[in-house]
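Student: Pasted the sequence and its predicted model underneath.
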Amino acid sequence: MSKARVGCLILISLAWAGTLLAAHGASAQTATRRPVVLSLKLNGVVDPFMASYVKRGIGQANADNDAAVLLTIDTPGGLDSSMREITQAILASKVPVICYTAPSGARAASAGTFIMLACPINVMAPGTNIGAAHPVGVSGAIENEKVTNDAAAYIVSLANRWGRNADWAAKAVRDAISAPADQAAQLHVVDYVAPDTRAALAIGPCFPSAPTLTTGALADPTFHLNLCGADVAAFHMSLAESLFHSFADPNVAFLLLNIGFLALIVWVIHPAFHVLLAVGIVSTVIGLAILETLPVRLVGVILLLIASILFVLDVKAKAHGVLTTAGIAMLVLGGLLLFNPTVPTARVSRPLIIGVAVMAALATFFMLRSILSAKDAPIRTGIETLPGSTGVTETALDPRGTVRVQHQTWTAEASGEAIPAGAPVRVVAVRGVILLVERDVAPVASAAGEAQEKGMVP
């Protein structure tokens, strides 16, 4: 056998051995890799920013082929469109999504009920509740029959998807019923109750104490999920998602609306304050955007607008506090009626309402009064004040030179005969940046009169 052929066989053998070693190492690494559960937090209102975050997280778990997604829920509800984005992402996920209403005291209300029922596995912590899923419109009342029927049909389809209690789900929409954790488990609305995250993830053959389930995906013998020794990895909101989601709060919306309305009304009365226009537009737009995520009542918004108008009109009309008093009453009433009272967590803090009312009253009596007084005050500076002013010529005006008027040097032109340097002058008119002046005889006459009184002039 030639040396070339021997060398070729050696190289082939080495390559084959290297491939076997690499494959063995990869399979060993795969075998020893611990399963990963990606943890997401759905806290607060279900808005577009929360929907974006949950969808990103579920997408990331699918891309990384994680063992499961753990979605911890504590929400009063939110937008129907955002809720549907989340439920669609859950249903389309190849990675199982475990929804867990926690900690104790949390709730999966309104849109949160739909999300819980969309999950193949749903769990609740003791002391939590689920339900009150009726749709709420802008007026604050339950939406019309068409919208209610659509929501009921959707939640029933979600419940049937995983073999849960569809009758209870329909009542949660139509009658706004709710249930605590233990009752929800007995009614087969949720799969089981777990006191903490580890207990919620106690699923699979390595957990002999795992509950026997008759609902949810785990009731299906073809559904296999093994989270033995799983690592829980947190998935956080982006900076933009976190920032904008934090604004979706009833108290923030109430503050921004009042600031925006007041700033815009003051700007209408006094257009020179362009900063107020910018503040008013930004505050009002953000406030209205937040209201889109909450069960707002139109009457509350109108009352807040009327209150701002009354505050400004009191100063403008010099009503001596009568309109301000009415404005305070409108502001307090608007704050109390701004959100639907059937959603307990969507309400403005009463101390905040009182605080804003007091601050608005103080602003009316001090800041706005000062602004409008300044508007009516005569102009004391600027080129409009030059006609009639007196000064002294710095150079001879024959016919043009310079004068000193109002502590400034101006180019001036004599309106009549030439005026020598150092002579008193009076501004007759302003032509662009040139002053038209005449000799001021008043100081000369005054000096002559004083001399005559002293007997210096016969």
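Tutor: Cool, got the structure.

Student: Next, count neighbours for Glu86.
Tutor: Actually, residue 86 is Ile rather than Glu. 26 (other C-beta atoms under 10 Å). C-beta coordinates here come from the backbone N, C-alpha and C atoms, glycine included.

Student: cool, Val433 as well?
Tutor: Counted with other C-beta under 10 Å, Val433 comes out at 8.

Student: Now do the same contact list for it.
Tutor: Contacts of Val433 were listed using C-beta atoms under 8 Å, 6 or more residues apart in numbering, and they are 410-411.

Student: What of Ala357?
Tutor: Ala357 makes contacts with 328, 331-332, as judged by C-beta under 8 Å, 6+ apart.

Student: Give the bridge partners for the closest residue in space to Arg347 that isn't next to it in sequence, please.
Tutor: Ranked by C-beta to C-beta, 6 or more residues apart in numbering and with sequence neighbours excluded, the top spatial neighbour of Arg347 is Phe339, at 5.5 Å. For Phe339, the beta-bridge partners under DSSP bridges are Val296.

Student: For Asp249, see how far away Phe339 is.
Tutor: Going from Phe339 to Asp249 by C-beta to C-beta, to the nearest Å gives 11 Å.

Student: Equivalent analysis for Pro96, please.
Tutor: For Pro96 relative to Asp249 (C-beta to C-beta), the value is 32 Å.

Student: higher neighbour count, the two?
Tutor: Higher neighbour count among Pro96 and Asp249: Pro96, with 23 against 17, using other C-beta under 10 Å.

Student: wait, that one sits on Leu71?
Tutor: No. Applying C-beta atoms under 8 Å, one finds Pro96 not in contact with Leu71, separated by 10.8 Å.

Student: Find the residues that touch each one of those two.
Tutor: With C-beta under 8 Å, 6+ apart as the test, Pro96 and Leu71 reach no residue in common.

Student: And this structure, split by domain according to the record?
Tutor: Domain ranges of the chain: 30-243, 249-376, 383-453, per automatic domain parsing.

Student: possible to save those as CSV with mean pLDDT?
Tutor: Converted to CSV, the domains of the chain look like this (pLDDT from 0 to 100):
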stretch, mean pLDDT
domain 30-243, 87
domain 249-376, 80
domain 383-453, 81
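
Student: List the contacts of the helix or strand harbouring Asn62.
Tutor: Using DSSP states H and E, Asn62 falls within helix 48-63. Helix 48-63 is touched from outside by 38, 40, 42, 44, 68-69, 71, 78-79, 81-83, 85-86, 89-90, 93-95, 97, 235, 237-238, 240-242, 244-245, 248, with contacts defined as C-beta under 8 Å, 6+ apart.

Student: which residues does the residue minimising distance to the centre of the chain contact?
Tutor: Ranked by distance to the mean C-alpha position of the chain (C-alpha atoms, centre = their mean), the top residue is Phe247 at 3.0 Å. Listed by C-beta under 8 Å, 6+ apart, the contact set of Phe247 reads 253, 286, 290.

Student: what number of residues lie near the second one?
Tutor: A count of neighbours around Ile286, defined by other C-beta under 10 Å, yields 18.

Student: Just give the nearest non-adjacent residue to it, would you?
Tutor: That would be Leu256: by C-beta to C-beta, 6+ apart, it lies 5.4 Å from Ile286.

Student: give me the element the one you found is part of.
Tutor: Using DSSP H and E, the element containing Leu256 is helix 250-269.

Student: Specify the beta-bridge partners of Ser39.
Tutor: Leu70, Ala234.

Student: Now do the contacts for it.
Tutor: 69-70, 72, 197, 232-235.

Student: Over to Gln186?
Tutor: Counting by C-beta under 8 Å, 6+ apart, Gln186 has no contacts.

Student: any idea how far Met124 is from it?
Tutor: When Gln186 is compared with Met124 (using C-beta to C-beta), they lie 12 Å apart.

Student: What of Asp150?
Tutor: Counting by C-beta to C-beta - Asp150 and Met124 are separated by 26 Å.

Student: So for those two, which residue has more residues nearby?
Tutor: For Asp150 versus Met124, neighbours defined as other C-beta under 10 Å are more numerous around Met124 (31 against 14).

Student: Give me the phi and psi for the more buried one.
Tutor: phi -130, psi 140 (degrees, to the nearest 10).

Student: How about it, nearest residue that isn't a chain neighbour?
Tutor: Ala181 (3.9 Å).

Student: which residues sit in contact with the one you found?
Tutor: 101, 124-130, 190, 193.

Student: 6 Å instead?
Tutor: 124, 126, 128, 193 (C-beta atoms under 6 Å, 6 or more residues apart in numbering).

Student: Out of these, grab the one that's most surrounded.
Tutor: Met124 (31 neighbours).

Student: was I right about that one contacting Tyr192?
Tutor: No. The pair formed by Met124 and Tyr192 falls short of the contact definition of C-beta atoms under 6 Å, at 8.2 Å.

Student: Between these two, which contacts overlap?
Tutor: By C-beta under 6 Å, 6+ apart, no residue touches both Met124 and Tyr192.

Student: Is the residue found closest to Phe261 once you drop the neighbours it is linked to in the chain in a helix, a strand, or coil?
Tutor: Distances taken as C-beta to C-beta, 6+ apart put Ser308 closest to Phe261, at 3.8 Å, once the chain neighbours are dropped. Following DSSP: H, G, I helix; E, B strand; the rest coil, Ser308 is assigned to helix.

Student: and Ser308, what does it touch?
Tutor: 261-262, 265.

Student: Nearest to Val299 among those?
Tutor: Phe261 (15.1 Å; C-beta to C-beta).

Student: my read: Arg426 touches Thr390, true?
Tutor: Yes. With contacts counted by C-beta under 6 Å, Arg426 reaches Thr390, the gap being 5.2 Å.

Student: Look up the residues that both of these two are in contact with.
Tutor: Asp440.

Student: which one of those two has more residues nearby?
Tutor: Arg426 (19 against 15).
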